[in-house]
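Q: Here is my input; please provide its structure:
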Amino acid sequence: MDDHPTHSENECLGERDVSLGGVREYQMRMAAALEKCYADLRAEFVRHQTTTEYISPASRVVYDFVRKELKIPLNRGVEDHLPLLLQESGAPRVNGTAGGGLKGHV
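A: Residues are numbered from 1 along each chain as shown. Sure, this is the predicted structure:
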């Protein structure tokens, strides 16, 4: 079988020359766009949580109890854990921990 594109495959590709550099540039642009989209959506969700719209009534009772009665906020991940945030940001390690073990400073 011939490894060269057929006429119909060329039509699908628009008969363009696609370089590896162009593909890498596209991948980098898309990665940046997706990261921004994710960060924006995540920030909006942290500001205005919609979890109760997607869970069952029974789960909502438990969820509301935890969030409202016990006042346990949404865990935002690494942002709520300073040592992990410092480690992710490349903070210097002191005594084997990022930020030197900031006990009492959190």
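Q: quick one, helices of the protein?
A: 7-13, 20-47, 57-64, 82-89 (DSSP state H).
Q: Quick check: which of those is nearest to residue 76?
A: When the helices of the chain are compared by C-beta to C-beta, helix 20-47 sits nearest residue 76, at 6.0 Å. (Glycine included, C-beta is placed from N, CA and C.)
Q: What's the mean pLDDT across stretch 41-57?
A: The average pLDDT within stretch 41-57 is 93.
Q: Ends of that stretch, what's the gap?
A: 25 Å (C-alpha to C-alpha, to the nearest Å).
Q: Counting neighbours, which bits of that stretch end up buried?
A: Buried positions in stretch 41-57, judged by neighbour count with 16 or more other C-beta atoms under 10 Å: none.
Q: now what about it, what contacts it?
A: By C-beta atoms under 8 Å, 6 or more residues apart in numbering, the list of residues contacting stretch 41-57 from outside reads 60, 63, 64, 74, 76.
Q: what number of residues lie near the first one?
A: Burial measure for residue 60: 14 neighbouring residues, criterion other C-beta atoms under 10 Å.
Q: Out of the contacts of stretch 41-57, the closest to residue 24 would be?
A: Using C-beta to C-beta, these come closest to residue 24 at residue 76, 32.5 Å.
Q: so what's the closest one closest to, chain neighbours aside?
A: Nearest non-adjacent residue to residue 76, counting by C-beta to C-beta, 6 or more residues apart in numbering: residue 46, 6.0 Å away.
Q: try residue 85
A: Here the residue nearest residue 85, using C-beta to C-beta, 6+ apart, is residue 78, at 5.2 Å.
Q: State the distance from that neighbour to residue 88.
A: Between residue 78 and residue 88 the computed distance is 6 Å (C-beta to C-beta, to the nearest Å).
Q: can you check residue 35 too?
A: Here the criterion is C-beta to C-beta. By it, residue 35 lies 14 Å from residue 88.
Q: what does residue 21 give?
A: Taking C-beta to C-beta, one finds residue 21 at 30 Å from residue 88.
Q: shaky segments in the protein?
A: Applying pLDDT under 70 to the chain picks out residues 1-16, 89-106.
Q: can you do 80?
A: 1-18, 77-82, 84-106 (pLDDT under 80).
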